[in-house]
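Colleague: A structural model of the following input is requested.
(2 chains)
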Amino acid sequence: MTPKPNTASISATGKLTWAAAALLALTGMMQMPIAKRYYLTDIPLMGWLGDFFLTHWLHYLGATVFLALAAYSAATFLRNRDRRLTAWGGVGTAVAAGLIATGGLLVVRNLAGVVLNPVLIIVLNLSHLMLSMVLIVVALVSLALKWPWTIPAQPSKKTTGDR
Amino acid sequence: MEVPVLPPILSRRSFLKAGLGAAVTAAVGTPATVRAANPGHDHVATLIDIAKCVGCGACVAACHEANAAKFPKPVKPFPKMVPGSRVPVEDWSERRDVDDRLTPYNWLFIQQAEVTVNGEAATLNIPRRCMHCINPPCVKLCPWGAARQLDNGISRIDDRICLGGSKCREVCPWHIPQRQTGAGLYLNLLPSMAGNGLMTKCDRCFRKVAEGGLPACIAACPEGVQTIGPRDEIVAKARQLAAQTKGYLYGIDENGGTNTIYLSPVPFDTLDKAIAKGPGQPHLAGVKNTMGEANNLVAAIAIAPLAGLAAALTRSLTTAQNGKDAGDDA
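Modeller: This next block holds a predicted model:
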């Protein structure tokens, strides 16, 4: 049987996860000095985009919410075993995992008393940025084309063994 | 439309194990210095005794001479910036002699304050430069990693990588880094759309310090205004002198702690009111721990995945229990 694109609505957990990811994407992009330069701070009620410490704090807050939801979703998926990861879901999960890993190391880097290798810092910064851009594309494709990340698992065919 | 699935040989368990293993190996195997328990105690710090400074400017001249080779070498004409109104040209290349403020070619200057000391009018001279914070936002928040912190706490900007975005200047509580348009890596990338030059600031003569020498400003000072040494010793000496002279200290706790400790005969809020402040002329007001607010969320970040797992486990157990109860009734 051919699986079809997901036509069911996203669960509440899924919506919250995407919302947290959107907050992370926005506040993450604003870590670059682009908000004032490109007039984003001139948009009504969006002056805060140019406040580097606020967007940094909101990025950490978004990460807290995202990690909790991602762990919840991952644990539920692994426990229930009634769904399988699609190849597209594998791509999205791998990109998210890369963002979590690079982001985690950057959080460690920001602690007082931590001095990481400067080349590693540059690699972490660039890969975190590149992965976030990939995830934005993955998100847009997932939502626009309704490509599912998981599908119901096929029940296994059992032979009875009767003679 | 057929949706491809992952082949069964890549099980969820093996994928997770391999990923976690790789992440831990990468993090642990990479050279890193972590002294989070008492950050900065092994940093190099400087005590600046304001009362001793006569404002001769020998330190400023020595800084110029020692760092001339590192100054930006702009290429003109500068690229046209987009949008022009939001990316001002900052060109100090024809004004390299300006020494009454920080510029890309002047990393140290003498700030003057007309105050009253022991009932008499006096002019206090305050050598000003980068504070070399224990947890410097210029280093930690640069999106490209162009600024770096050495193990001894000195922070410096790498002119091979800096694009001149000036976020470091904005997040620095004293707005220390200064920008020179027309120099640096941005010229080879997207010169009109991203970046705007090179940011520069005091780098504590890090090469001289690494070789066991003194920063040029300290070596040149005829009055012994500055004392350099391990931070713990410098802070102890600063506190001792402040107690002896009934003086005031600045820089020990500002911005979560810096490695530049000023000793003054008058309170720093008095000095802050008396000095000229503006671009390139930093204040002497109190500064909260700018990196601390976000770092306060780190515990939440660490606990968040566990909370998610706990919620999933709780839901799973509740569902299983409901299923069992239903079965019992059958």
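Colleague: got a list of what B:Asp91 touches?
Modeller: Neighbouring residues of B:Asp91 by C-beta atoms under 8 Å, 6 or more residues apart in numbering or on different chains: B:74, B:78, B:180-182. In short, each C-beta sits where N, CA and C put it, glycine included.
Colleague: What is the most widely separated pair among the residues you listed?
Modeller: B:Phe78 and B:Gln180 (10.2 Å; C-beta to C-beta).
Colleague: Assign the most centrally placed residue in chain A to helix, strand or coil.
Modeller: With distances taken as C-alpha atoms, centre = their mean, the residue of chain A nearest its centroid is A:Ala96 (4.4 Å). Counting by DSSP: H, G, I helix; E, B strand; the rest coil, the backbone at A:Ala96 sits in helix.
Colleague: ok, back up a step: just put the contacts of B:Asp91 in CSV and tack on neighbour count, distance to chain A and pLDDT.
Modeller: Below are the contacts of B:Asp91 laid out as CSV (neighbours: other C-beta atoms under 10 Å in any protein chain shown; distance: C-beta to the nearest C-beta, whole Å; pLDDT from 0 to 100):
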residue, neighbour count, distance to chain A, pLDDT
B:Pro74, 19, 20, 97
B:Phe78, 17, 16, 94
B:Gln180, 24, 16, 98
B:Thr181, 26, 14, 96
B:Gly182, 23, 17, 95
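Colleague: show me what contacts the nearest residue to B:Val87 once chain neighbours are set aside?
Modeller: In this structure, B:Val87 finds its nearest non-sequential neighbour in B:Met81, 3.8 Å apart by C-beta to C-beta, 6 or more residues apart in numbering or on different chains. With contact taken as C-beta under 8 Å, 6+ apart, B:Met81 is in contact with B:87, B:89, B:192, B:196.
Colleague: So what's the residue count around the second one?
Modeller: A total of 14 residues lie near B:Val89 under the criterion other C-beta atoms under 10 Å in any protein chain shown.
Colleague: now the first one
Modeller: Around B:Val87 sit 23 other residues, with neighbours defined as other C-beta under 10 Å.
Colleague: That one and B:Ala194 touch, don't they?
Modeller: No. Using C-beta atoms under 8 Å, B:Val87 is not in contact with B:Ala194, being 9.8 Å away.
Colleague: Torsion angles phi and psi at B:Trp299?
Modeller: Small correction: residue B:299 is Ala, not Trp. For B:Ala299, the backbone dihedrals (degrees, to the nearest 10) come out as phi -60, psi -40.
Colleague: List the residues that contact it.
Modeller: B:Ala299 neighbours (C-beta under 8 Å, 6+ apart): none.
Colleague: And it, how far from B:Thr245?
Modeller: 41 Å (C-beta to C-beta, to the nearest Å).
Colleague: With A:His59 instead?
Modeller: 45 Å.
Colleague: Those two - which one has more neighbours?
Modeller: More neighbours surround A:His59 than the other of A:His59 and B:Thr245, with 24 against 13 (other C-beta under 10 Å).
Colleague: give me phi/psi at that one?
Modeller: phi -60, psi -40.
Colleague: now do A:Phe52
Modeller: The phi/psi pair for A:Phe52 (degrees, to the nearest 10) is phi -60, psi -40.
Colleague: For the closest residue to it other than its chain neighbours, the count of nearby residues, please.
Modeller: Distances taken as C-beta to C-beta, 6+ apart put B:Val171 closest to A:Phe52, at 5.2 Å, once the chain neighbours are dropped. Using other C-beta under 10 Å, B:Val171 has 22 other residues around it.
Colleague: ok, now B:Trp144?
Modeller: Neighbours around B:Trp144, by other C-beta under 10 Å: 19.
Colleague: Now do the SS call for it.
Modeller: Assignment for B:Trp144 (three-state DSSP): coil.
Colleague: From what I see, it and B:Ile161 are in contact.
Modeller: Yes. With contact defined as C-beta under 8 Å, B:Trp144 reaches B:Ile161; the gap is 6.0 Å.
Colleague: Overlap in contacts, those two.
Modeller: A:Ile122.
Colleague: hey, where'd the strands end up in chain A?
Modeller: Here chain A has its strands, by DSSP state E, at A:83-85, A:114-116, A:150-152.
Colleague: Determine how far the first one lies from the middle of the whole chain.
Modeller: Read that as strand A:83-85. Strand A:83-85 sits 18 Å away from the centroid of its parent chain (C-alpha atoms, centre = their mean, to the nearest Å).
Colleague: which helices and strands does that strand pack with?
Modeller: strand A:150-152 (3 or more C-beta pairs under 8 Å, 6 or more residues apart in numbering or on different chains; DSSP states H and E).
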